[in-house]
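Visitor: sequence first, predicted model second:
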Amino acid sequence: MRVSFDLDDTLFVSPDNFKTEQELRFPFNKIYKERLRLGTIALMQYMKEEGIEVWIYTTSFRSKNYIKKLFRCYGIKIDAVVNGERHAQEVQGNKTEAMPSKYPSKYRIDLHIDDDISVAQNGRTYGFKVFLVGQQDDDWVEKIRREIDRLI
């Protein structure tokens, strides 16, 4: 199974509005300023233990190496990254019609986790599964685990 996560407002959240994982130690906290939603580390460790591939699918143009190294600082190995640049090349390409901002089925992703309702609407239109996360929710990890179990 392959599961992807959006970054901004899904995994990368503001500590003003969300419970977050501990800030990285110096000097890594100066390089990687983003804060992870509380539960991200445990969820991804669980997924790795279950043999589930963990992908990042973001519209941001952060580099693949930046993203992978950030998660590595938290002890998480990301299997693959689709960033804005990769998506533009491989999904949009030379197509004249506008493609959706994310297209997980192109990469055989079984479930995509996002905060954007338009991504969920595109999922219904283009035939890919999206699980929406929103504001602070202490049960978000358990809800995703149940959805993964349901799909397995």
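Guide: Great, that's in hand.
Visitor: list the contacts for Arg146?
Guide: Counting by C-beta atoms under 8 Å, 6 or more residues apart in numbering, Arg146 makes contact with nothing. To be clear about C-beta, it is placed using only N, CA and C from the backbone, and glycine gets the same treatment.
Visitor: next: the one 5 residues further on.
Guide: Contacts for Leu151 (C-beta under 8 Å, 6+ apart) come out as Met1, Asp110, Leu111, Lys129.
Visitor: of these, which is the nearest to Glu34?
Guide: When the contacts of Leu151 are compared for distance to Glu34 (C-beta to C-beta), Leu111 wins out at 22.4 Å.
Visitor: can you give me phi and psi for the closest one?
Guide: Backbone geometry at Leu111, expressed as degrees, to the nearest 10, gives phi -150, psi 130.
Visitor: go on, Val3?
Guide: phi -130, psi 130.
Visitor: before we move on, what about Asp9?
Guide: Backbone torsions for Asp9, taken as degrees, to the nearest 10, come to phi 70, psi 0.
Visitor: which residues sit in contact with the closest residue to it other than its chain neighbours?
Guide: In this structure, Asp9 finds its nearest non-sequential neighbour in Asp115, 4.6 Å apart by C-beta to C-beta, 6 or more residues apart in numbering. If a contact means C-beta under 8 Å, 6+ apart, then Asp115 has Asp6, Asp9, Thr10, Leu132, Val133, Gly134 as its contacts.
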